[in-house]
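Asks: model this:
(one chain, ligands or ions: 1)
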Amino acid sequence: MSNANIFFDEQQQVFHLSNQQVSYLIQIEDGGVLSHLYFGKKVSGYHGSRLYPRLDRGFSPNLAGEPHQTDRRFSKDTLLQEYSGYDTGDFRQAAIKLRGVDGAEATDFRFKSYAIEKGKTNLSDLPHAYVLSDDEAQTLAIVLEDVTLNVELTLYYTIYADRPVVTRWSNIKNLSSENVKIEKIASLQLDLPANDLEVISLPGAHVRERSIERQPLRQGLTTFASHRGTSSHHMNPFIALVAPTTTENQGEAVGIQLVYSGNHQFSLEKDYVDQLRILAGINEEGFSWELTPDDSFQTPETLMVYSDEGLNGMSQAYHHLLRERVARGQYQYAQRPIVINNWEATYFDFNAEKIEEILDEAAPLGVEMFVLDDGWFGHRDDDDSSLGDWFEYTAKLKDGGGLNGLSQKVHDKGMKFGLWFEPEMISKNSDLYRAHPEYVLRIPERVMTPSRDQYVLDFSRPEVVDNIFDQMAAILDNVPIDYIKWDMNRHLTEVYSTALPADRQGEVAHRYMLGVYDLANRLTSRYPQILFEGCSGGGGRFDAGMLYYFPQSWTSDNTDPIERLKIQYGTTLSYPVSSMTAHVSASPNHQTGRKTSLKVRGDVATAGVFGYELNLAKLSDAEKSEIKDQISFYKQQRQLIQYGDFYRIKSPFEGNETAWEFVNEDKTEVLLFNYRVLSTAQPAFSITKMSHLLPEVLYVDQATQESFSGDELMSIGLYNAPIEQADFTSSVRYFKVQENELK
Ligand code: DGJ
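Replies: Numbering: from 1, shown residues only. Below is the predicted model:
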């Protein structure tokens with residue numbers, strides 16, 4: 001019996017979606033207006049407690065059309081709705097804006113019909129959460145119509161059986177004989193009664209991705225968005241709404257995450273009576289879509305999570321959902337190999353000899369995969385050429401037998417071989433540009449805006465995607481390759497396609513994303529044995545959309561362990577550790593110049609999908625021996641780290657210390673990581689309280705053999721006394737439940 005249930009109460013005209021954890025309630029209000037009642041902790045039944053009060057408010061228009069238009073007490077101006085229209089009585093931000101051939105922008109969608117299905121209705125060309133069997137979820141499709149425009153809008157709600165998750169997206173269909181222009185279409189609207197909620201967002205920058213920011217909401221509009229053509233380093237497509245009292249382990253939190261990697265927008269509008277409207281979807285700026293008769297358009301999907309166990313509860317739901325029902329492929333649950341990547345070791349300046357030196361060191365230390373980064377193709381010796389020329393730079397590795405010779409050597413050493421690509425880009429200095437200047441995104445009469453001396457391919461054109469696919473396939477069919485790092489190192493400007501007419505240019509950014517997804521889909525389907533890692537100048541496209549194709553992503557180009565504490569901590573708010581790659585790099589660090597010990601670099605990177613990014617050949621024997629130990633530790637703990645439950649304990653955004661833990665499924669094994677940034681004279685002895693353990697059993701520290709009960713570790717906590725008087729220190733403790741305890 002599935003726990004997911006959707007029920008329509010005819011009498012109250014209320015849809016109730018529920019499972020053991022959450023309820024979502026929607027009402028068909030007067031005139032067929034769809035109103036939002038509730039999303040939160042599961043309720044056993046609904047008997048009208050949230051029926052929207054009637055009040056005649058000044059300047060609130062009445063509902064158009066008989067028989068309600070004389071009722072002055074009912075207005076869309078303040079009504080909490082599921083999907084609001086534009087210019088027909090609701091003055092807040094609209095979920096949908098359509099322009100008819102007459103130039104009018106008004107929309108007024110009313111209830112038409114509904115269907116309840118087992119399982120999940122999936123989007124066709126966009127990434128999405130999925131189910132493995134129809135028992136895992138139920139889906140409600142509510143069809144609304146705008147009778148004037150003759151357009152049908154279907155809102156899809158899927159409730160999972162055993163997760164505090166509701167997914168949403170919408171589909172619009174033009175039933176008229178005229179074109180309709182979509183000027184805005186949200187994936188989700190959530191209207192909430194007057195409240196004092198705060199919003200958490202994940203803003204950032206290149207080398208400073210996903211900082212956690214929390215702010216109260218005041219009347220007016222607050223927006224979190226990207227207009228860079230990608231989900232971006234600068235604003236991750238995720239927000240959480242929390243009560244002012246919500247902490248990591250207590251209180252309510254609602255997460256909203258977009259499964260999309262392009263321009264996005266989260267708008268939060270607190271209206272004049274303190275009600276909150278949240279809209280999430282494709283960024284309306286620069287977006288429009290010409291909907292021809294009979295044509296339809298699907299919005300990206302959003303993943304909503306409810307937690308009454310604080311932010312850690314919300315993150316747990318996302319970690320499990322993204323790992324289990326968004327990520328796919330042979331590596332979905334596989335232990336990810338430990339990498340050595342040559343980027344920070346050599347940058348572009350490598351040859352067969354330099355690479356072989358690294359390989360000779362890597363294999364005996366236990367490294368499992370070598371990744372050849374940027375610089376192996378075209379005639380690329382710097383970042384100003386060859387993007388788009390995905391054929392081997394034969395001169396560069398000729399002494400080692402080229403790419404095939406290198407692949408052979410790596411495999412002979414018992415390691416896997418990975419290769420870097422940047423499929424969406426083109427250099428002016430490339431054969432591809434010389435042959436196809438029209439393949440670039442550009443406005444014909446305007447000088448192109450450069451960035452890193454490279455330009456963006458027009459992936460809205462299928463022939464461009466085909467060209468890159470064919471070039472990549474030629475390499476992948478001829479060289480044994482186990483892993484691909486898919487990079488993307490600039491944002492989109494002059495978002496214009498010469499292949500589309502003037503009135504369809506608003507479609508380019510979204511069509512570009514559809515092209516990216518198409519290429520990702522074709523490559524991952526044709527080469528299922530290859531592990532793909534997403535990357536965009538570090539973590540610039542770290543989102544659930546890319547995760548559908550690539551189970552892991554480079555978290556940041558910033559490999560400084562101290563800065564990584566914040567980056568990794570923020571990333572885990574909505575993404576699982578199995579998706580978050582983390583490398584030990586050289587000291588002084590190349591991004592910050594900070595000097596840190598190999599230990600703290602290892603202790604930060606081992607809390608992710610682990611690897612190295614430095615010249616092993618330049619290290620001392622003592623350092624190599626320490627690396628060997630780090631690798632062997634990681635191999636022992638890899639399952640727990642990559643697939644255990646991750647809980648944040650102390651935030652690097654709030655103080656000098658950071659702590660987090662990994663707990664296995666039956667809570668019998670725990671890894672506790674503690675970090676201290678700066679040393680102080682007369683240090684305070686802080687306490688670290690662990691969480692999510694079994695309260696009444698003994699946990700034994702496997703290094704010291706000290707044992708503590710679970711509730712002792714959770715309620716009393718452990719002193720976190722400094723291990724040494726130095727900056728940038730860390731410790732890792734591994735606890736196991738004493739065997740005879742569990743009988
Ligand atoms: C940006 C990536 O994040 C780096 O790891 C590296 O691959 C460079 N690009 C190469 O150009």
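Asks: what's in contact with stretch 312-323?
Replies: Stretch 312-323 is contacted from outside by 129, 160, 163-165, 240, 248-249, 253-255, 257, 303, 305-307, 332-333, 544, 547, 572-579, 643, 645-648, 691-692, using Cβ atoms under 8 Å, 6 or more residues apart in numbering. All C-beta atoms are positioned from the backbone trio N, CA, C, and that covers glycine.
Asks: In the protein, where is pLDDT below threshold?
Replies: For the chain, applying pLDDT under 70 flags the ranges 1, 741-743.
Asks: Return the residues of it in contact with the ligand.
Replies: 343, 373, 374, 420, 487, 489, 535, 537, 538, 554, 557 (Cβ under 6 Å from any ligand atom).
Asks: For the ligand, what's its nearest residue on the protein.
Replies: Distances between the chain and the ligand by Cβ to the nearest ligand atom are smallest at residue 374, namely 3.5 Å.
Asks: For the closest residue to that residue other than its chain neighbours, what is the enclosing helix or strand?
Replies: Leaving aside its sequence neighbours, residue 374 sits nearest to residue 420 (Cβ to Cβ, 6 or more residues apart in numbering; 5.3 Å). Assigned by DSSP states H and E, residue 420 belongs to strand 416-421.
Asks: how far does that strand sit from the chain's center?
Replies: Centroid separation for strand 416-421 versus its chain: 23 Å, with Cα atoms, centre = their mean, to the nearest Å.
Asks: Pairing partners for the next helix or strand after it, with directions?
Replies: Moving toward the C-terminus from strand 416-421, the first helix or strand encountered (DSSP H and E) is strand 425-426. Under the criterion DSSP bridges, strand 425-426 sits next to strand 455-456 (antiparallel) in its sheet.
Asks: moving C-terminal of the strand it pairs with, what's the next helix or strand?
Replies: Later in the chain than strand 455-456, the nearest helix or strand by DSSP H and E is helix 462-478.
Asks: For residue 513, what are phi and psi?
Replies: Backbone torsions for residue 513, taken as degrees, to the nearest 10, come to phi -60, psi -40.
Asks: List the contacts of it.
Replies: Applying Cβ under 8 Å, 6+ apart, the residues contacting residue 513 are 260, 261, 262, 459, 545.
Asks: From these, pick the one nearest residue 448.
Replies: Distance to residue 448, by Cβ to Cβ, is smallest for residue 459 among those, at 16.1 Å.
Asks: does the nearest residue to that closest one once chain neighbours are set aside sit in a helix, a strand or a coil?
Replies: Leaving out its chain neighbours, the residue that sits closest to residue 459 by Cβ to Cβ, 6+ apart is residue 515, at 3.1 Å. Here residue 515 is helix, with the state taken from DSSP: H, G, I helix; E, B strand; the rest coil.
Asks: Got the domain ranges for the protein?
Replies: Split into domains by automatic domain parsing, the chain comes to 5-325, 339-643, 657-742.
Asks: related to what we said a few turns ago, in helices, which of the residues of the chain next to the ligand fall?
Replies: Among those, the residues falling in helices (DSSP state H) are residue 343.
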